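> Predicted structure and sequence below. I'll ask about it afterward.
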Amino acid sequence: MTTETAASNDQGERAESAEDRVRIFDTTLRDGEQAPGFSMDRRAKLCMAQALEALGVDILEAGFPQASPDDFAAVDEIARTLRNTTVCALARCQSGDIDTAARALERARHSRIHLFLSTSPLHREHKLGMSKQQVLDTAIASIEHARKYCADVEFSAEDALRTEPEFLVEIFSAAIAAGASTLNAPDTVGYTTPAEMVELFTYLRRNVRDAHKAVFSSHCHDDLGMAVANSLAAVSAGARQVECTINGIGERAGNAALEEIVMALKVRAPHFGLHTRIDTRKLFPTSRLLTQLTGQAVPRNKAVVGDNAFAHESGIHQHGMLKHRSTYEIMRPQDVGIAETTLVLGKHSGRHALRQRLETLGHTVDDDAMEGIFKRFKALADRKRDIRDEDLEALALGQDPDAAGPWHITQLTTSSHLGSGASATVKLSHEDGREVGEAAIGDGPVDAVLRAIERATGTEMTLTRFNVRAISEGGDAQGQAQMTARHAQRDWNGSSVSTDIIEATAHAALAIVNRIERQAERSTTDEYSQGRPLFDSRARGHAQQETSA
Ligand SMILES: CC(=O)SCCNC(=O)CCNC(=O)[C@H](O)C(C)(C)COP(=O)(O)OP(=O)(O)OC[C@H]1O[C@@H](n2cnc3c(N)ncnc32)[C@H](O)[C@@H]1OP(=O)(O)O
Ligand SMILES: CC(C)C(=O)C(=O)O
């Protein structure tokens, strides 16, 4: 546990933070984890804690050690592992909780005990059954007790935004005198507004005795969808610590989303004049790690890290993006760790984006040909939610995208054997009349299906990315399988949608094999037509004849 005094450690940092640095206090593993559906075991928590340290969070709330033996063990393990980040443990204002938190933090290099006690009239009367004086006395005694173990103590006035502001001033002034160096005013029930937040933090910073000795902190919930706005309002009124979580997970509607706060401060730096220590390029991978560990995906339209955050389907936006990316994007995807912007082709897309995508796929299309392709593309997009590259290739080659082959699956059977892998049998038909059947075993049904398809088609692939996710809800939810495989020093993508994820996987794998074969066929044709582009006006008729043969 840290032995340096709050004064020696904090004053240097506070001089800086008072100016322009906002400390990021991550509570993904405590407030985030305590919400239904987000519980993590200690292995998952340790993995997430390491990712959060790499992300650059200043303080990581690892758990509530009094809650359970596993939470104690998780905090203890995280405390032993992290070297740069302050590891924090939550405790009620009870000596038992504080002793347990201190024990869990014993081996931390930098540690903090976070004490909380409700201060609002509603909580005092109905929850705690305590008077103002009792709340004050309990908080002070607890801070003093925690300071015996740890130089860095934070005090949170739970439900602060529904507390009498004068009482907050009284308890925060006493908390500083008792040794707390961070004062948190949480909007526990997500009730407040940005203007009220500014008013409260300005008032507290003016009236709390020795306010300059503490860092003021916000902790906002999203019940009315204002957690991030409220946190930024607190910051604009002098808060220099923000408590937040990856993907905004947390009690009820969640906490303020870390990635949104950090990117707001970065993108609008001239407005806020503040910065954080977060390595923003790790935001997306950290967000994805959390979804994997909890099994809870983020909505497509989630700010910063959702699938649509850097994806454009509508033609007018795509056209703008192709001319200048700042027309419709305020940050670069690479700055949050997303490889690139995607122009998704669908029924709202226009010719500019379609042409660009076809060119990326190796098809140079002249204006006449484009009109025909565009018409058929729109008709297809009206019927199909998910337009894939193989559909576009089929359109460009004058083929029926619904029948994009040459391989088709005629039969697929899989069985899983508990503890000893799985087996798969596939039967495939080829446009040239071949019927092939193969069986394979694998670590799981996906592995077995991939091996069987490889054998049946004779196409070797190395899977480099595989992702299955639900794209609708309910008993008949659709699963989308997306994969990338390496073949002949190139990456090939395939995706498919089905109510059966194994079937979706098989179709995605076969889409890759089909693309590889069609590409090989096209290379032969190109050689034959002496390298002229397929849709070059001079070569068009000839080339189409050759490829459809
Ligand atoms: C706003 C927040 O997010 S606060 C954090 C909330 N997180 C959690 O509650 C998750 C972990 N919690 C737990 O595992 C359990 O609630 C435990 C182990 C901490 C306590 O369990 P129990 O002892 O069975 O108590 P229970 O949870 O039913 O009730 C809470 C008790 O804590 C008291 N309490 C609540 N907050 C505080 C506080 N900040 N300081 C002191 N006592 C408090 C309540 O008055 C109640 O006391 P009582 O048992 O004397 O009536
Ligand atoms: C423990 C405190 C900070 C809390 O989680 C809240 O008030 O929401």
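Happy to help now that I have it. Ligands and ions are numbered 1, 2, ... in the order given.
> Can you name the residues of the protein that neighbour ligand 2?
Taking CB under 6 Å from any ligand atom as the criterion, the chain approaches ligand 2 at residues 31, 116, 156, 158, 184, 186, 188, 219, 221. Glycine gets a C-beta too; all of them are placed from N, C-alpha and C.
> between those residues, which is nearest His271?
For those, the minimum distance to His271 (CB to CB) is 22.6 Å, reached by His219.
> model confidence over the helix or strand containing that closest one, on average?
When elements are defined using DSSP states H and E, His219 is found to belong to strand 215-220. Summarised as a single mean, pLDDT over strand 215-220 is 98.
> is ligand 1 contacted by that strand?
No: where contact is defined by CB under 6 Å from any ligand atom, no part of strand 215-220 touches ligand 1; the two come within 8.7 Å at best.
> What lies in contact with that strand?
10, 14, 17, 23, 25, 27, 31, 154, 156, 181-188, 190, 192, 197, 201, 204-205, 226-228, 230-231, 234-235, 238-243, 255-256 (CB atoms under 8 Å, 6 or more residues apart in numbering).
> domain parsing for this structure?
Using automatic domain parsing, the domain ranges for the chain come out as 21-294, 311-402, 405-518.
> Go through those domains and find the least confident stretch.
Among the domains of the chain, domain 405-518 carries the lowest mean pLDDT, a mean of 86.
> quick one: terminal-to-terminal distance for it?
From the first residue to the last, domain 405-518 extends over 8 Å; the measure is CA to CA, to the nearest Å.
> Kindly report the same for stretch 74-92.
Across stretch 74-92, the terminal residues are separated by 18 Å (CA to CA).
> That one close to ligand 1?
Yes: if you take CB under 6 Å from any ligand atom as the test, stretch 74-92 does meet ligand 1, through Arg92.
> what are the ranges of the strands in the stretch 251-400 of the chain?
In order along the chain, the stretch 251-400 of the chain carries the following strands (DSSP state E, counting those that start in this stretch): 311-312, 342-343.
> for the stretch 401-549 of the chain, what spans make up the strands?
If DSSP E, counting those that start in this stretch is used as the criterion, the strands of the stretch 401-549 of the chain fall at 407-416, 422-430, 435-442, 462-470, 479-487, 490-498.
> Show me which residues of the shortest one are buried.
This points to strand 435-442. Judged by neighbour count (16 or more other CB atoms under 10 Å), strand 435-442 contains these buried residues: 436, 438, 440, 442.
> now it, how far from the chain's geometric center?
With CA atoms, centre = their mean, to the nearest Å as the basis, strand 435-442 stands 37 Å off its chain's centre.
> Which secondary structure elements does it sit against?
Strand 435-442 makes packing contacts with strand 422-430, helix 445-457 when contacts are defined by 3 or more CB pairs under 8 Å, 6 or more residues apart in numbering; DSSP states H and E.
> Please name the strands paired to it in the sheet, noting orientation.
Strand 435-442 pairs in its sheet with strand 422-430 (antiparallel), by DSSP bridges.
> mind checking which helix or strand the residue in the stretch 1-150 of the chain that ligand 2 sits nearest to is in?
Distances from the stretch 1-150 of the chain to ligand 2, computed as CB to the nearest ligand atom, single out Phe116 as the nearest residue at 3.9 Å. Assigning secondary structure by DSSP H and E places Phe116 in strand 111-118.
> before we move on, the earlier item: out of the domains of the chain, flag the one nearest Val304.
For Val304, the closest of the domains of the chain is domain 21-294, at 4.3 Å, according to CB to CB.
> want to try JSON lines for the buried residues of strand 435-442, with distance to Ala91 as columns?
Formatted as JSON lines, the entries for these read as follows, by distance: CB to CB, whole Å:
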{"residue": "Val436", "distance to Ala91": "65"}
{"residue": "Glu438", "distance to Ala91": "60"}
{"residue": "Ala440", "distance to Ala91": "54"}
{"residue": "Gly442", "distance to Ala91": "48"}
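> Just flag the most distant two among the residues you listed.
Of all pairs drawn from these, the greatest distance, 18.3 Å, lies between Val436 and Gly442 (CB to CB).
> Count the neighbours of the nearest residue to Glu390 once chain neighbours are set aside for me.
By the measure of CB to CB, 6 or more residues apart in numbering, the closest residue to Glu390 outside its immediate chain neighbours is Ala404, 4.8 Å from it. Burial measure for Ala404: 23 neighbouring residues, criterion other CB atoms under 10 Å.
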